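Student: Predicted model and sequence below, questions to follow.
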Amino acid sequence: MTKRYVMLADITRCINCKACVVACRAEWETPLGHSRDWVKEVELSTADGFPVVQLFPGRCQHCDDVPCVEACPSGAAWKRADGIVLVDDALCSGCELCVPACPYEARWLNPQTNTISKCTFCQPRVDEGLPPACVQTCVGGALRFGDANDPDSEVSRLLGDKPWLQLTTAEVPGGTRHYYHTGGAPLPNEVLPRPVGQHVQAALLGNVVNPAAGIGIGGMVAAFVGAGVKKIIDRRNALAGGKENTHE
Amino acid sequence: MKKTPFEPARRAFLGGAAGVATLGIAGLPSTALARIDAPHAAERLKPTSEVFGFCDMCYWRCGLKIRVRDGRAVKIDGNPEHPNNYGVVCAKGNAGLMAAYDPDRLKFPMLRVGARGEGKWARITWDEALDRVADGLNKIKQNYGAEALAMIGHGTWEKPYHRLAHAFGTPNTTSPVFGLCCGPRGIGSMVVTGREISGNETVDLQNCKYVLMLGRNIVESLHNGEAKAWVEGVSRGAKVVYADPRFTITASKAHEWLPIRPLTDHAFLLALIHVVIEESLYDREFVREYTTGLEELRARVARYTPEWAEGETEIPAITIRRIAREMAERAPAVLVYSPRRLTRTTNDLGTGMAIATLNSLFGVWDRNGGIFAPQGFPIPEPDLPAYPHARVPRADGAGVLGQWPLAHPVFGLTNQMWKAMAEQKPYPIRGLITAGGNGFANSTDYDTIRRALNNLDFYVAADIAPTEMNAYADILLPEASYLERYDDLQTGGAREGYVAIRMPAMAPLHDTRDAWSICKGIADRIGLGDYFPHDSVADLIDDRLKKAGLSRAELEQKGIVKIPADPAKNFAREHGGRSVFPTPSGKVEFIPGALRQLGMLDALDYEPQVRPDAGEFHFTFGRIGFHTHARTQNNPWLAEFMVENVLWIHPDAAAERGIEDGARVRVTDRKGRSEELAAKVTQRIRRDTVFMVHGFGHFDARMTTANGRGAADSNLASADQDRRLGTVSMGRALVRVEKA
Amino acid sequence: MSEQREPRMILVRDLWIIRLHWFNALGWALLVASGFAIISGDSLRLAPAFWPTFVQNLFGGNAAVISAHAVVGLVWLLGIALFVAWRWRSVVAPFLRGVLSITPRAIIADLPFTVITLARLFGFMKRARVAPQGRYNGAQRLLGTMIIVASLLIAVTGLYLYFSPKLFSFAAAPVFGALFRTALLVHAAAVFLVLFGLVAHIYFAVVEEREALEAMKTGYISVDFIHHHSPLWHEQLKREGKV
């Protein structure tokens, strides 16, 4: 059966130690100023003014509807059957059309490679049976990873034992492979995705040029096919109706 | 014009054309939404080799596996076998690579060529450096005697420097761990029970049902194995009551946050003891069998009612009673969790004792969910000649009758040592060896440190990185980091006993050397070569392991060899065994006999501390999970999260001063010292308290990331002392805050 | 009764021009087929999903499709550039003079013929008068000009799309990345414009004016054809003594 990889983050166990961020940086040699993952510290208060702190480990959510893959001209952004969304460096031009498409702002242009970097669920490690670097290093045990299609896996058990939320909104409703357990608290606005965006060129191409081309070229084809059909009919009529009805 | 026969034909093709066009246009979008399915090559993991080690970023010393490629360490992972961390590594540990690859680190032996502390250096060879060190040390001995040499260490590497200093004949070796940090907790527990929870925090957090924490910010003052166990305990349903003037990340996971008035923990504990005794909430069997002094204690705490404590602590009396009762219900699987650094007041000994007493009243010793008995893994030390006897007692008075008899005679009192060096009392100290550490950052009086350093004839500093303190050295010896060397074995244990190995992941970078070869190089030159008989530290550990019936090859397989956990040993009273309390009476002494002998029983009483005047604040400092001590602020991977600390201040106090979130503020203490930094206006702190993360405000230009960033808590904290232990008391500073 | 006589044929283009035309046509066919197979993202793609899926799988990945597209594109570009350089004076310059319609006056002059020709396909405007046309009629001029300009844009943007990621660091200078995105848009839009016109070009060659297609195979066309469709050219040829 195809694997269905998922990442679980139990925020009640996250301690904001940032081990996941540094482990990821070391594992993938991420240059400073960027990161494939992060922990967002959200400070709130209760109705009576009592402080609350929530900690949200974040990264690419490996969405099911993949707006980044849809935005990529070369197919460098691609989603594997097991759900992991990857960047094929051989195909990535660094055009950044995918960057505003990501509702989680998870993608960025790597100044060392000039290709897009983002969390890959540590796919090269996972393919060798190792856990993602962030999961392995997580001090509080907040991060867990595995195959949700394997009923004996830790993630399957956890998914069944507790309630898990996904970072989705009315505007970004698609399913993701990243789940959060908040202990019953609602998700704060700070961690919700922003709507899928586009560079102006992508918007023009997708919303203006392509439809215009479709209509224009399709219409031309239709028109000239029609004209051709008309010509055939005319010729037949001319042959059937004798010489007297030939028009100029 | 005639109607032609192709009229209907025209209509037909126009219609057909329209139809095709519509189908074409309609068809295109629906096929466009399907995702294409094309072949891609997935990235492969680059091959690496692996060595074992243990971390040096803080004092927890997690077990590590270090991945190596092309002769360079590329990733630090946890050793899943090591009891300190069972495979996890925090941000500091992961950032250890940048301690080795720090462009600012000390690279070559250096000789001071300007005035002391001026920052002018000349590069010299190792031979010249070690020759000069030998010369400097010999002169100290000739002119003043061996005791005029002090050695201050702060790291795994301090061991050979201790050995060198003891071989030299001085008694004056010290590490901050006792005098600046854990001393009062340890002594408090020792005098009451004869036991302590040790550096490895031998508490059964996973199975504890109720944790009362006195400002132990366990998930930010981060020791990985301990935090891991605490998170697990909380997830299993432990109730956490957390007393701290600040709402930390630990507080955010607690069930109750008690915003206790700073410096009043002892009052809170005494009131709890009062309730536990008065309402007979204690473990009757345990108290009867294993303790003495209950009645005398009852009399001593009679006046410490919850109502009285409410006045001191601002914790409601009703809450104090409830907590005592809740803990009693769940005892013995409960814990009163001490701060690790208990150097706050003039009577930290009292606080330490009260914690041990309360835990004893609940009978937590050697029970599940309580304090367990650790196992060790003793490995014989190598055979060395006996150390010469020092002619005089320690200059810091640690363990010296008439001075600080309770203080640890080996770790010493680093705060008192600096004072001795500053004042040249009780006798001259003119020579100094430091191994890591930073007196400006870990002590709380720059003036004392400067005077001490300027009194020196000769100062040799061994370290990996530049610090404000080693800027005063005559000779700088650049050390290989913990990723670049073998080191002496790590032995210890919690439930399991273990011996672990540190292996080099790569050869020493630049022109650095490991601490052992440095000390051997010095020892050989001053006639103390017999104390360093091994050619290398690898030979040393081979020697030790052979004596224990082990081999280095065996140890290098998994990085560690363990004695398995033994519940019968760890939790003796759960398995029909007995608790052992190695006090003079053989029992838990609620009224410690050691203190009675020293005439110090008044430590059992509460000593009111300072209170801020109107317009003043209690000044507090502490940790954050991704920085530690004063040694990570220059690490680029950690500075990425926080390059400057900020001053936590309550919104009401901020508003009174016109301070907005992010505004620069000036903090000034009663001695006129001041620091400037940005403000974090937050309700996560008491109105009468301010806080900053420790270790910032560096002022050494060699630290290119950290220099001039943030404020130095060590330049504002108090330099008082515990009246009976001599340990430092850093929590009593009172400051004013204004917009800068 | 009309006489059946052999129509008189004259040579109006040489073999190399013919070869260039079919070289161009082949290039376009390959480039369009591969180009539509390269654009993968669903929100950017015009072609139905099966086409890029099929071609990318055939080539073992889009990198090979892109390389093939680039190689064909470079060969196409080089071929045309070489021809332009080699036959500039004798063929290309006169051709451009005859076909380019770039001033507003010229465009306005060419529009009526274009509109009438299109309308007549559907049986409208049969009685409308048209001005006498030269070698290339108004529709051909407008379409041809558009195709030449678009092809230049396609070539320039194509070169930029292929080479800029190899030559420039988009991270160091974001303007190069912005240019890439714009080049992608312009490349696609220009291709679609050409395809739009290509439908008409193929229709007229294959359906309406087969003789013109034959002329692009053999180089010969009947004088009658010239006289009927391009009277101005016919007059010029008479002046030159070629008919």
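Tutor: Looks like it came in fine.

Student: Tell me who's in contact with A:Leu8.
Tutor: Shown in contact with A:Leu8 (C-beta atoms under 8 Å, 6 or more residues apart in numbering or on different chains): A:143-145, A:155, A:158-159, A:164, A:178-181. (Glycine included, C-beta is placed from N, CA and C.)

Student: Assumed it was part of a strand.
Tutor: Yes: according to DSSP: H, G, I helix; E, B strand; the rest coil, A:Leu8 belongs to a strand.

Student: nearest residue to the residue of the stretch 601-740 of chain B at minimum distance from chain C other than its sequence neighbours?
Tutor: Proximity of the stretch 601-740 of chain B to chain C (C-beta to the nearest C-beta) peaks at B:Glu640, 18.3 Å away. Leaving aside its sequence neighbours, B:Glu640 sits nearest to A:Leu32 (C-beta to C-beta, 6 or more residues apart in numbering or on different chains; 5.8 Å).

Student: I'd guessed the one you found sits against B:Leu638; true?
Tutor: No: using C-beta atoms under 8 Å, A:Leu32 makes no contact with B:Leu638, being 11.0 Å away.

Student: Among these two, which residue is more densely surrounded?
Tutor: Neighbours around A:Leu32 and B:Leu638, counted as other C-beta atoms under 10 Å in any protein chain shown, are more numerous at B:Leu638. The numbers are 27 against 11.

Student: now the more buried one: how far from A:Gly140?
Tutor: Separation of B:Leu638 from A:Gly140 (C-beta to C-beta, to the nearest Å): 18 Å.

Student: what does B:Phe617 give?
Tutor: Counting by C-beta to C-beta, the gap from B:Phe617 to A:Gly140 is 32 Å.

Student: Which one of the two is surrounded by more residues?
Tutor: A direct count of neighbours by other C-beta under 10 Å for B:Phe617 and A:Gly140 places A:Gly140 higher, at 27 against 24.

Student: what does chain C have sitting close to chain B?
Tutor: Residues of chain C lying near chain B by C-beta under 8 Å from any C-beta of the partner chain: C:40, C:42, C:45-46, C:48-50, C:52-53, C:56-57, C:60-62, C:122-123.

Student: Pull out the buried residues from stretch B:673-684.
Tutor: By 16 or more other C-beta atoms under 10 Å in any protein chain shown, the buried positions in stretch B:673-684 come out as B:673-675, B:677-682, B:684.

Student: swap that for stretch A:83-95, sorry
Tutor: A:83-88, A:91-95.

Student: Centre of the chain to that stretch, how far?
Tutor: Put simply, stretch A:83-95 sits 12 Å off its chain's centre (C-alpha atoms, centre = their mean, to the nearest Å).

Student: same deal with stretch B:466-483?
Tutor: Distance, centroid of stretch B:466-483 to centroid of chain: 21 Å (C-alpha atoms, centre = their mean).

Student: do you know how far B:Glu128 is from B:Gly78?
Tutor: For B:Glu128 relative to B:Gly78 (C-beta to C-beta), the value is 41 Å.

Student: Give me the more crowded residue out of those two.
Tutor: Taking neighbours as other C-beta under 10 Å, B:Glu128 and B:Gly78 compare with B:Gly78 leading, 27 against 14.

Student: so who does residue 183 touch?
Tutor: Using chain A here. With C-beta under 8 Å, 6+ apart, A:Gly183 has these contacts: A:11-12.

Student: Let me rephrase: I mean chain C.
Tutor: C:157, C:160-161, C:164.

Student: Now, those residues that are in helices?
Tutor: Members of the contacts of C:Ala183 lying in helices (criterion: DSSP state H): C:157, C:160-161, C:164.

Student: Closest one to chain B out of those, please.
Tutor: Distances from chain B to the ones in helices among the contacts of C:Ala183, taken by C-beta to the nearest C-beta, are shortest for C:Leu161, at 18.9 Å.

Student: Check what pLDDT the closest one gets.
Tutor: Looking at C:Leu161, its pLDDT stands at 98.

Student: tally of neighbours for it?
Tutor: C:Leu161: 25 neighbours (other C-beta under 10 Å).

Student: any low-confidence regions in chain C?
Tutor: Along chain C, the parts satisfying pLDDT under 70 run over C:1-4.

Student: which residue is nearest the centroid of it?
Tutor: The residue lying closest to the centre of chain C (C-alpha atoms, centre = their mean) is C:Ile147, at 4.8 Å.

Student: just checking, that residue touches C:Gly197?
Tutor: Yes: assessed by C-beta under 8 Å, C:Ile147 is found in contact with C:Gly197 at 5.6 Å.

Student: Domain ranges for chain B, per the record?
Tutor: According to automatic domain parsing, chain B comprises the domains B:45-101+B:480-517+B:539-558, B:105-175+B:412-475, B:180-375, B:617-739.

Student: Reformat these as a markdown table; add mean pLDDT.
Tutor: A markdown table is the format used below for the domains of chain B (pLDDT from 0 to 100):
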| stretch | mean pLDDT |
| --- | --- |
| domain B:45-101+B:480-517+B:539-558 | 97 |
| domain B:105-175+B:412-475 | 96 |
| domain B:180-375 | 96 |
| domain B:617-739 | 98 |
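
Student: Summarise which helices and strands the helix or strand of chain A with the lowest mean pLDDT is packed against.
Tutor: Among the helical and strand segments of chain A, the one scoring lowest on mean pLDDT, DSSP states H and E is helix A:210-240, with a mean of 88. Judged by 3 or more C-beta pairs under 8 Å, 6 or more residues apart in numbering or on different chains; DSSP states H and E, the packing partners of helix A:210-240 are helix B:7-32, helix C:104-121, helix C:174-203.

Student: which stretches of chain A form strands?
Tutor: Ranges of strands within chain A are A:5-10, A:37-45, A:51-59, A:77-79, A:85-87, A:108-109, A:116-117, A:143-147, A:178-181, based on DSSP state E.

Student: near chain A, which residues of the stretch 601-740 of chain B?
Tutor: B:625-626, B:636-638, B:640-641, B:682-684.

Student: let's see it at 10 Å
Tutor: Residues of the stretch 601-740 of chain B lying close to chain A (C-beta under 10 Å from any C-beta of the partner chain) are B:624-627, B:635-642, B:680, B:682-685.

Student: and those residues, which are buried?
Tutor: Members of those classed as buried by 16+ other C-beta under 10 Å are B:624-627, B:635-642, B:680, B:682, B:684-685.

Student: hmm, which two among the residues you listed are most spread apart?
Tutor: Spatially, the most separated pair among those is B:Pro636 and B:Ile685, at 29.4 Å (C-beta to C-beta).

Student: which residue ranges form the helices in chain C?
Tutor: C:15-38, C:50-58, C:62-86, C:93-99, C:104-121, C:138-167, C:174-203, C:210-218, C:223-229, C:231-240.

Student: gap between B:Ala473 and B:Ala150?
Tutor: To B:Ala150, B:Ala473 is 13 Å away according to C-beta to C-beta.
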